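Peer 1: next come a sequence and a model predicted from it.
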Amino acid sequence: MQPKDSAQTQSQQMASLSFSSQMSREDEEMARSALSAFRAKEDEIEKRKMEVRERVKAQLGRVEEETRRLANIREELESMADPMRKEVSLVRKKIDSVNKELKPLGATVQKKEREYKEALDTFNEKNREKVQLITKLMEMGQLVGESEKLRLKKLEELSKSIETE
(Lines give C-alpha, C1' and ligand atoms only; values in the text may rest on other atoms or scores of the structure.)
Protein backbone atom coordinates (compact mmCIF):
# COMPACT_ATOMS: atom_id res chain seq x y z
CA MET A 1 0.00 0.00 0.00
CA GLN A 2 2.74 2.29 0.50
CA PRO A 3 3.94 2.44 -3.08
CA LYS A 4 0.45 3.04 -4.21
CA ASP A 5 0.00 5.73 -1.60
CA SER A 6 3.23 7.30 -2.50
CA ALA A 7 2.36 7.27 -6.20
CA GLN A 8 -0.93 8.78 -5.42
CA THR A 9 0.65 11.38 -3.25
CA GLN A 10 3.12 12.15 -5.99
CA SER A 11 0.44 12.37 -8.55
CA GLN A 12 -1.52 14.68 -6.30
CA GLN A 13 1.56 16.76 -5.72
CA MET A 14 2.15 16.90 -9.46
CA ALA A 15 -1.39 17.90 -10.11
CA SER A 16 -1.09 20.44 -7.38
CA LEU A 17 2.25 21.64 -8.81
CA SER A 18 0.84 21.88 -12.28
CA PHE A 19 -2.17 23.72 -10.87
CA SER A 20 0.09 25.94 -8.86
CA SER A 21 2.32 26.53 -11.88
CA GLN A 22 -0.79 27.30 -13.89
CA MET A 23 -1.94 29.63 -11.16
CA SER A 24 1.37 31.32 -10.99
CA ARG A 25 1.37 31.73 -14.77
CA GLU A 26 -2.10 33.21 -14.61
CA ASP A 27 -0.98 35.36 -11.69
CA GLU A 28 2.08 36.38 -13.63
CA GLU A 29 0.02 37.26 -16.67
CA MET A 30 -2.43 39.20 -14.51
CA ALA A 31 0.46 40.93 -12.79
CA ARG A 32 2.01 41.70 -16.17
CA SER A 33 -1.27 42.98 -17.57
CA ALA A 34 -1.86 45.00 -14.39
CA LEU A 35 1.70 46.29 -14.61
CA SER A 36 1.33 47.14 -18.27
CA ALA A 37 -2.03 48.84 -17.55
CA PHE A 38 -0.38 50.72 -14.69
CA ARG A 39 2.50 51.73 -16.96
CA ALA A 40 0.07 52.76 -19.68
CA LYS A 41 -1.85 54.89 -17.17
CA GLU A 42 1.42 56.30 -15.85
CA ASP A 43 2.54 57.09 -19.41
CA GLU A 44 -0.82 58.73 -20.10
CA ILE A 45 -0.51 60.76 -16.90
CA GLU A 46 3.04 61.76 -17.89
CA LYS A 47 1.79 62.69 -21.37
CA ARG A 48 -1.00 64.81 -19.89
CA LYS A 49 1.48 66.42 -17.51
CA MET A 50 3.67 67.36 -20.45
CA GLU A 51 0.67 68.71 -22.39
CA VAL A 52 -0.42 70.78 -19.39
CA ARG A 53 3.16 72.03 -18.92
CA GLU A 54 3.31 73.01 -22.58
CA ARG A 55 -0.06 74.79 -22.35
CA VAL A 56 1.02 76.58 -19.16
CA LYS A 57 4.33 77.58 -20.78
CA ALA A 58 2.48 78.85 -23.84
CA GLN A 59 0.03 80.76 -21.64
CA LEU A 60 2.90 82.23 -19.60
CA GLY A 61 4.61 83.24 -22.83
CA ARG A 62 1.46 85.00 -24.00
CA VAL A 63 1.06 86.68 -20.59
CA GLU A 64 4.69 87.84 -20.62
CA GLU A 65 4.25 89.20 -24.15
CA GLU A 66 1.07 91.03 -23.13
CA THR A 67 2.87 92.39 -20.06
CA ARG A 68 5.67 93.72 -22.30
CA ARG A 69 3.12 95.28 -24.66
CA LEU A 70 1.28 96.90 -21.74
CA ALA A 71 4.57 98.24 -20.37
CA ASN A 72 5.38 99.74 -23.78
CA ILE A 73 1.93 101.29 -24.03
CA ARG A 74 2.27 102.70 -20.49
CA GLU A 75 5.65 104.23 -21.40
CA GLU A 76 4.17 105.77 -24.54
CA LEU A 77 1.24 107.19 -22.58
CA GLU A 78 3.54 108.59 -19.91
CA SER A 79 5.74 110.20 -22.53
CA MET A 80 2.63 111.72 -24.09
CA ALA A 81 1.21 112.80 -20.74
CA ASP A 82 4.48 114.21 -19.35
CA PRO A 83 4.56 117.35 -21.54
CA MET A 84 0.90 117.93 -20.76
CA ARG A 85 1.57 117.56 -17.06
CA LYS A 86 4.39 120.08 -17.25
CA GLU A 87 2.22 122.52 -19.17
CA VAL A 88 -0.66 122.02 -16.76
CA SER A 89 1.58 122.57 -13.76
CA LEU A 90 3.00 125.73 -15.37
CA VAL A 91 -0.50 127.05 -16.06
CA ARG A 92 -1.54 126.22 -12.48
CA LYS A 93 1.50 128.06 -11.13
CA LYS A 94 0.65 131.09 -13.28
CA ILE A 95 -2.96 130.97 -12.08
CA ASP A 96 -1.78 130.77 -8.47
CA SER A 97 0.59 133.73 -8.92
CA VAL A 98 -2.15 135.80 -10.62
CA ASN A 99 -4.55 134.88 -7.79
CA LYS A 100 -1.93 136.00 -5.26
CA GLU A 101 -1.61 139.31 -7.12
CA LEU A 102 -5.38 139.71 -7.46
CA LYS A 103 -6.14 139.08 -3.81
CA PRO A 104 -4.52 142.30 -2.50
CA LEU A 105 -5.78 144.21 -5.53
CA GLY A 106 -9.32 143.03 -4.82
CA ALA A 107 -8.97 144.14 -1.21
CA THR A 108 -7.59 147.49 -2.38
CA VAL A 109 -10.49 147.89 -4.83
CA GLN A 110 -13.02 147.17 -2.09
CA LYS A 111 -11.29 149.62 0.23
CA LYS A 112 -11.24 152.30 -2.50
CA GLU A 113 -14.91 151.63 -3.29
CA ARG A 114 -15.78 152.12 0.40
CA GLU A 115 -13.71 155.32 0.48
CA TYR A 116 -15.37 156.51 -2.74
CA LYS A 117 -18.84 155.83 -1.33
CA GLU A 118 -17.95 157.66 1.88
CA ALA A 119 -16.50 160.58 -0.11
CA LEU A 120 -19.55 160.64 -2.39
CA ASP A 121 -21.90 160.59 0.61
CA THR A 122 -19.90 163.41 2.22
CA PHE A 123 -19.93 165.37 -1.07
CA ASN A 124 -23.69 164.95 -1.46
CA GLU A 125 -24.26 165.98 2.16
CA LYS A 126 -22.07 169.08 1.73
CA ASN A 127 -23.88 169.90 -1.52
CA ARG A 128 -27.21 169.74 0.31
CA GLU A 129 -25.85 171.99 3.03
CA LYS A 130 -24.54 174.39 0.37
CA VAL A 131 -27.95 174.50 -1.34
CA GLN A 132 -29.63 175.14 2.01
CA LEU A 133 -27.15 177.90 2.82
CA ILE A 134 -27.54 179.49 -0.62
CA THR A 135 -31.28 179.37 -0.22
CA LYS A 136 -30.98 180.93 3.23
CA LEU A 137 -28.57 183.55 1.86
CA MET A 138 -30.97 184.43 -0.94
CA GLU A 139 -33.80 184.70 1.54
CA MET A 140 -31.64 186.90 3.74
CA GLY A 141 -30.58 188.91 0.71
CA GLN A 142 -34.22 189.55 -0.08
CA LEU A 143 -34.92 190.50 3.51
CA VAL A 144 -31.91 192.80 3.56
CA GLY A 145 -33.02 194.30 0.25
CA GLU A 146 -36.53 194.89 1.59
CA SER A 147 -35.11 196.25 4.81
CA GLU A 148 -32.89 198.67 2.89
CA LYS A 149 -35.79 199.74 0.73
CA LEU A 150 -37.77 200.50 3.86
CA ARG A 151 -34.86 202.42 5.30
CA LEU A 152 -34.37 204.35 2.10
CA LYS A 153 -38.05 205.10 2.02
CA LYS A 154 -37.97 206.30 5.62
CA LEU A 155 -34.86 208.33 4.89
CA GLU A 156 -36.58 209.94 1.95
CA GLU A 157 -39.60 210.64 4.05
CA LEU A 158 -37.43 212.16 6.73
CA SER A 159 -35.51 214.08 4.21
CA LYS A 160 -38.78 215.41 2.68
CA SER A 161 -40.14 216.24 6.06
CA ILE A 162 -36.92 218.10 6.95
CA GLU A 163 -36.96 220.01 3.71
CA THR A 164 -40.52 221.03 4.03
CA GLU A 165 -40.12 222.45 7.36
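Peer 2: Everything's here; your move. None of these values were measured; they are calculated from a predicted model. Numbers count the residues shown, from 1 in each chain.
Peer 1: so what's the residue count around residue 146?
Peer 2: Using other CB atoms under 10 Å, residue 146 has 10 other residues around it. For glycine as for every other residue, the C-beta is placed from the backbone atoms N, C-alpha and C.
Peer 1: what ranges do the helices span in this protein?
Peer 2: Assigned by DSSP state H, the helices in the chain fall at 2-164.
Peer 1: just want the most central residue of it.
Peer 2: With distances taken as CA atoms, centre = their mean, the residue of the chain nearest its centroid is residue 85 (14.7 Å).
Peer 1: and that residue, how close does it get to residue 57?
Peer 2: Separation of residue 85 from residue 57 (CB to CB, to the nearest Å): 40 Å.
Peer 1: likewise residue 33?
Peer 2: According to CB to CB, residue 33 stands 36 Å off from residue 57.
Peer 1: for the chain, what are the low-confidence residue spans?
Peer 2: Applying pLDDT under 70 to the chain flags the ranges 1-23, 81-83, 165.
Peer 1: how about 90 then?
Peer 2: Within the chain, the ranges that satisfy pLDDT under 90 run 1-35, 37-38, 73-91, 137, 140-148, 151, 155, 157-165.
Peer 1: any idea how far the residue nearest to the centre of the chain lies from residue 45?
Peer 2: Distance from residue 85 to residue 45, by CB to CB: 56 Å.
Peer 1: can you check residue 63 too?
Peer 2: Distance from residue 63 to residue 45, by CB to CB: 26 Å.
Peer 1: same question for residue 96.
Peer 2: 70 Å.
Peer 1: try residue 147
Peer 2: 141 Å.
Peer 1: also residue 27?
Peer 2: With distances taken as CB to CB, residue 27 is found 26 Å from residue 45.
Peer 1: how about residue 139?
Peer 2: Residue 139 is 129 Å from residue 45, where distance means CB to CB.
Peer 1: what of residue 162?
Peer 2: For residue 162 relative to residue 45 (CB to CB), the value is 163 Å.
Peer 1: appreciated, that's everything.
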